[in-house]
Structure formats: structure tokens, C-alpha cells
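Curious how this folds, go ahead:
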Amino acid sequence: EDVPGEKRLVAYVVGDAEAGVLREHLRRELPEYMVPAAFVPLERLPLTPNGKLDRKALPAPEGDAYARRSYEAPQGEVEGALAGIRGEVLGVERVGRWDHFFELGGHSLLAIKLIGRMRRVGLYMEVRALFTTPVLADLALAVGRASLEVEVPANAIPKGCESLTPEMLPLVELSQAEIDRIVAEVPGGAANVQDIYPLAPLQEGILFHYLLSQEGDPYLMSSVTEFDTRARLEQYLAALQAVIDRHDVLRTALAWEGLREPVQVVWRHAPLPVEEVELDAEAGDAAEQLWRRYDPRRYRMDLTRAPLRRACIAEDRARGRWLLLMLKHHLTSDHESLEVQQEETAAHLLGRESELPAPLPFRNYVAQARLGVSREEHERFFRGMLADVEEPTAPYGLLDVWGEGRGIGEARLPVAGDLGARLRRRARALGVSAASLCHLAWAQVLARLSGRADVVFGTLLFGRMQGGEGADRVMGPFINTLPVRIGVAEEGVEAAMRRTHALLADLLRHEHASLALAQRCSGVAAPAPLFTSLLNYRYSGATSRSQQAGQPKEGVRGIRA
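Now for the predicted structure:
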């Protein structure tokens, strides 16, 4: 377990046999899952004073210990630069021109880092090229020197501005009357408006569900944390406010009444609302009382007031502690954003805020989504995939999937750790991402549950693959849900696997498309749903950003979320 949580089979070899020869021999003799992922050569095995094998002294495998193709040095400036960047990102000492990104353990999070590092040295490519041409020498041919990114129009609202006009808002078309209507709802008026721009694709869907719901809010997230003292709680709230002050999306509210399309309004100053409540000592567990009081199945947040965060604090006298219930709306964050928020909050608590990089605005992503791939190109792609799909893919034949979110049951099934390792090894051997393998597996499940050999389901996209410079650190809801269509009865598993990988690579170009647009490109007549099941494949690293940042743990404990 060289990386916490990721166990793998490693062979430690004393002798002259080459790793490649051993690997091929074992592949002939053993099932794939029993073939070691890495071969580490040793002069001798480390022993304890008692003469037994000292397992703790066995070295962690380096990059060269993993499956490699025969090494050939990179040729030319571009291959050399790519090899250096790829080695740095993957933690591999020597990368050859025939080495394969996924066989070396690459995945989508590392792909974002790779593309970001390439951008810094003036190398650009479409993100799908990394997935369709993962061999370094082939990828080098797809790399150019001209940036493929959208040129984002600058924010034209000067600081201290007392009145806003349409030409100050290059990302959205609004009349003067519409602007005045928006400004009238902002505390402090125009002077407190930093920017106004449209919603990202996922935000449009979330707002739709918010307006559709009569009670509660399906996209409101809550958590309860305990603090040993009021002072420690206040320090945490101050650190969180500092993070809100840094990031535009955390100071964002929505406006839609009387407008031709909804917009998001960034406030310059957005103090976190903190409500202190008195709990009933006779009414049972204090944390449970607090949770029930703001249960998202009944409680709704006012989306027109920034920040879309709310804090509720209470003293639990019975247990000598303070409780914090935090409400966070999905409109302004996704999982990666919460990681960044935790990391930055920890940095402020530790007095290391000066080490944080400059924050990047969410507006750049909105511009990329709106001004990048055209609506017509999105439509051509999804029509090509879905035009002849005339019936929904409905597991168990269940089509009545609309509702308020009540009566939902949840089930979890953790799978054995060695299964995860086997899947990753299998994906590496095929030269595809583990995500592609899981998509094909889910298609197999749906085929059996729906009685179809050709299935459609939703997949969650990371949204940051084409998010522009620093996309891995920008806060905001980048993720998106789009349909994929996979046939499971036409060919062998390996061919189906490669076709699924290619489909997901093509989908990356359209990761900012609207789900509503994609659904309209199918032959399924409204109001029937195109699909009723969704796969959210997410690669989680061994440690979170906040753990890496040294999150202060003393006197603080998470209770539920």
C-alpha cells in the first residue's frame, strides 16, 4: 500500500531476470489479477535481526517498475517537452516516445494537470487528443503552438461604479431596465455589483429543479460540525469568510424575475449570514435537533441573496460543545470546489494564507461554455448519437421518475479493495481509462435490467477538462450531466471497451453542452425521459487537498453531512 487506500500486488525480485520477461511469463501462467502491477529489482531482500523478511523495509515501486514498453528516447523539442511534463505529472523518472498515458496510470485528474503544464510552455491541444492518442509520439503530432481557448471579454465594471450600463456586461445581453431591476435587489446597489453573466449549463438545470420544487430543495447540502469552544468556532467562521471574499462564485446570487434569461450576480461584499439558535435541552440530541430544523427536504434557501451559504450555530450545554450547521447550495460548488474551500480555510486557520495562489474567476468558465463549441456543433454530435433512439432506457420499466425527492431510499455497496486494483490493472493493460471500463460495465447492467442491447444513460462529466487556465483550482459548479449511448451485443468485450473509450473522448469536446439540448436531439417524445439512470464515476485521490494542506483537527469534529 504505497499510496494509502490503494493496495497493489508488487513483486520484489533478486536476480538477473528482466521485469518484462517475468511479466510476460506470469501472464501466460496466471489470471490477470494475479500478475504483479510492478516489479522491483533488489540486490538482496531486507531482513529483520531475526532473519525474517522485513516488509516495512521494502521500497515503494518507482515509475520504471510498472508495465513499460521498450524505451526509445523522445525525438525533437515537442516530444522532449511532453516527456518531461508527463514524467513530472505521473511521477515517472524516464518517459519514452512509445509510452502510453493510461498504461502509466494516467486518469482524468492527471490529464487536467498535464494540459495545464503544457499550456504554460506554449503547447496546446484538444483535450480529446490525449484520450484518443495517448502514446507520446502520436500525441506530439496533435500538439500546436496556437491557443485553442476562448478569448474571454474583460469585465468592464469599474470599482466604485454607481450605475451599470449594458456595454459593461460583455457576457450577457440585458436592457437598461433589466439591469436596473437586478441592481435594485442588491444591498448597496450598483457599487456592490462586481459582475453579471449567464448561468453555466448545470446551474440552469439546478435552478429549474429549485423552481419546480414546492417544498425543500434537492440541491441544498448540509453538514454539522462540533467545536470544543466558541472561540474556535469563531476562528473557523472568520477563515471561511476570508475564502468567500477571495472567490467570486462564493459571492454570487441569482436573478430571474422579469428577465429574458436567468443571470448570476457577483456581489463585491457578501457577509456570511450566521444565525445563533437556542436548543431545547429536553428535546434530545442537540446535533439532531439542529439537523431537523434545517432539513433540505423542507428548508429552502433564498437564491437571490449572496453568499449561497448559511451558518447556524448553537451551544450544546449538555455536552459542553458548540455546533455549526452549514448549508451550501450546489449552484455555486461541486466536489472539487469543496476540496479547494477546505484547503483554503485550513490555510487561513494555520496562518498560511499568503501561500495561496491568486484566485481565478468563474466567469472564465461561463465564457468557455457559452463562446466555445457552438450550439450547432453540439446538436450535430448529439443527433448523430441519439436521433434514432425512440424509447427510453428504463431499468425495471420504471418511467415515473419525477417528484419532490421524497420517498427515496439510499443503498451503498463498497466493493473489495482488490477488485478496484484489478480493474485499474485491466484498464492499464487495455490502454484505456478506468472510467471507460466502468461505463461499459454499467451499460451491461442496464442491458439486463431494461431488456435492451442498446442503452442510454446519463454520465457525470468533470467539466474542467476544457475549463481553461487553472481549471483544477477555480471554484464553481463545473460538472455536467450528459447522455451516452452504448451497445453491448455487437462485438467482443475488448472492441466494445475501446469503442466506449473513444465515445467518452468525443464527449469531452461537448462537456459544456446543455442537457436539455442533448435530450431534444433524440427521438424520444416528451414528456418521456430519455434515460432514468446515471453513472457518477469519480477518481478520488488517496488524500484530499485539505489533508495535504494540514487541516487543523484539534477541537473540531465532523458529525454528519
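
From residue 438, how far out is the residue nearest to residue 533 when sequence neighbours are not counted?
Nearest non-adjacent residue to residue 533, counting by Cβ to Cβ, 6 or more residues apart in numbering: residue 457, 5.0 Å away. Using the backbone N, CA and C atoms, a C-beta is placed for each residue, glycine as well. Separation of residue 457 from residue 438 (Cβ to Cβ, to the nearest Å) stands at 12 Å.

Mutual contacts of these two, please.
Common contacts of residue 457 and residue 438 (Cβ atoms under 8 Å, 6 or more residues apart in numbering): residue 535.

Between those two, tell me which one has more neighbours.
Of the pair residue 457 and residue 438, residue 457 is the one with more neighbours under other Cβ atoms under 10 Å, namely 22 against 16.

My read is that the more buried one contacts residue 536, right?
No. With contact defined as Cβ atoms under 8 Å, residue 457 does not count as touching residue 536 (10.9 Å).

returning to what we had before: okay, the residue nearest to residue 533: pLDDT?
Reading off the confidence values, residue 457 has pLDDT 97.

which parts of stretch 417-428 are buried?
If you call a residue buried by 16 or more other Cβ atoms under 10 Å, then stretch 417-428 has these buried ones: 420, 421, 422, 423, 424, 425, 427, 428.

what do you get for stretch 28-37?
For stretch 28-37, by 16+ other Cβ under 10 Å, it's 35, 36, 37.

Spit out the contact partners of residue 443.
Neighbour list for residue 443: 455, 457, 486, 488, 500 [criterion: Cβ under 8 Å, 6+ apart].

Which one of these is nearest to residue 190?
Taking Cβ to Cβ as the measure, residue 190 sits nearest to residue 457 out of the contacts of residue 443, at 45.8 Å.

Mind listing residues that contact stretch 508-527?
Identification of contacts with stretch 508-527 by Cβ under 8 Å, 6+ apart yields 126-128, 131, 200-201, 204-205, 368-369, 372-373, 375, 377-379, 381-383, 385-392, 456, 458, 461-463, 465-466, 480-483, 530.

Out of those, list just those in strands.
Among these, the residues falling in strands (DSSP state E) are 456, 458, 461, 480, 481, 482, 483.

ok, how many other residues are close to the last one?
Spelled out, it's residue 483. Residues lying near residue 483 (other Cβ under 10 Å) number 22.

Enumerate every residue touching it.
Contacts for residue 483 were tallied using Cβ under 8 Å, 6+ apart; they are 382, 385-386, 456-459, 515, 518-519, 522, 530-531.

Please repeat the previous calculation with a cut-off of 6 Å.
Going by Cβ atoms under 6 Å, 6 or more residues apart in numbering, residue 483 touches 456, 458, 518, 530, 531.

Let's see the pLDDT reported for residue 3.
53.

Out of the contacts of stretch 508-527, which end up buried?
With neighbours counted by 16+ other Cβ under 10 Å, the contacts of stretch 508-527 contain buried members at 126-128, 131, 200-201, 205, 368-369, 372-373, 378-379, 381-382, 385-386, 389, 392, 456, 458, 461-463, 465-466, 480-483, 530.

Residue 508: neighbour count?
Using other Cβ under 10 Å, residue 508 has 20 neighbouring residues.

Kindly apply the preceding question to residue 46 instead.
Per other Cβ under 10 Å, the neighbour tally for residue 46 reads 13.

Give me the phi and psi for the closest residue to it other than its chain neighbours.
Once flanking residues are discounted, residue 46 sits nearest to residue 57: 3.6 Å by Cβ to Cβ, 6+ apart. Dihedral pair for residue 57: phi -90, psi 0, per degrees, to the nearest 10.

I'd say residue 57 and residue 47 touch.
No. Counting by Cβ atoms under 6 Å, residue 57 sits too far from residue 47 to count as a contact (8.4 Å).

For the residue most central in space within the chain, which non-adjacent residue is spatially closest?
By Cα atoms, centre = their mean, the mean C-alpha position of the chain lies nearest to residue 462, the distance being 4.4 Å. Nearest non-adjacent residue to residue 462, counting by Cβ to Cβ, 6+ apart: residue 108, 5.7 Å away.

now the one you found: how far from residue 233?
As judged by Cβ to Cβ, residue 108 and residue 233 stand 37 Å apart.

Also residue 115?
Distance from residue 115 to residue 233, by Cβ to Cβ: 40 Å.

and if you look at residue 477?
Taken as Cβ to Cβ, the span from residue 477 to residue 233 is 28 Å.

need the helices for the stretch 251-400 of the chain, in chain order.
Listed in chain order, the helices of the stretch 251-400 of the chain (DSSP state H, counting those that start in this stretch) span 286-293, 335-349, 363-371, 375-386.

I'd like to know which elements whatever helix or strand comes next after the last one is packed against.
Elements were assigned by DSSP states H and E; along the chain past helix 375-386, the next helix or strand is helix 417-430. Other helices and strands packing on helix 417-430, by 3 or more Cβ pairs under 6 Å, 6 or more residues apart in numbering; DSSP states H and E, are helix 434-450.

tell me which residues of the helix it packs on are tucked away?
By 16+ other Cβ under 10 Å, the buried positions in helix 434-450 come out as 434-440, 442-444, 446-447, 449-450.

Report the rounded mean pLDDT for that helix.
94.

Kindly report the same for stretch 60-69.
So the average pLDDT for stretch 60-69 ends up being 67.

Same question for stretch 516-525.
When pLDDT is averaged over stretch 516-525, the result is 92.

cool, stretch 409-417 as well?
Mean pLDDT, stretch 409-417: 86.

For this structure, which element, helix or strand, carries the lowest mean pLDDT?
When each helix and strand of the chain is scored by mean pLDDT, DSSP states H and E, helix 545-548 comes last, with a mean of 54.

moving C-terminal of it, what's the next helix or strand?
Beyond helix 545-548 on the C-terminal side, the first helix or strand identified by DSSP H and E is strand 556-560.

Tell me what angle that next one forms with helix 335-349.
Interaxial angle, strand 556-560 versus helix 335-349 (axes from the mean of the first three to the mean of the last three Cα atoms, to 10 degrees): 160 degrees.

what's strand 556-560 packed up against?
Using 3+ Cβ pairs under 6 Å, 6+ apart: strand 556-560 touches strand 220-227.

How about the strand it packs on, which residues are buried there?
Within strand 220-227, the residues scored as buried using 16+ other Cβ under 10 Å are 220, 222, 224, 225, 226, 227.

ok, what's across the strand from the first one?
Pointing back at residue 220 there. Here residue 220 sits in beta bridges with residue 329, going by DSSP bridges.

Next: the fifth one.
With beta bridges defined as DSSP bridges, residue 226 has these partners: residue 323, residue 557.
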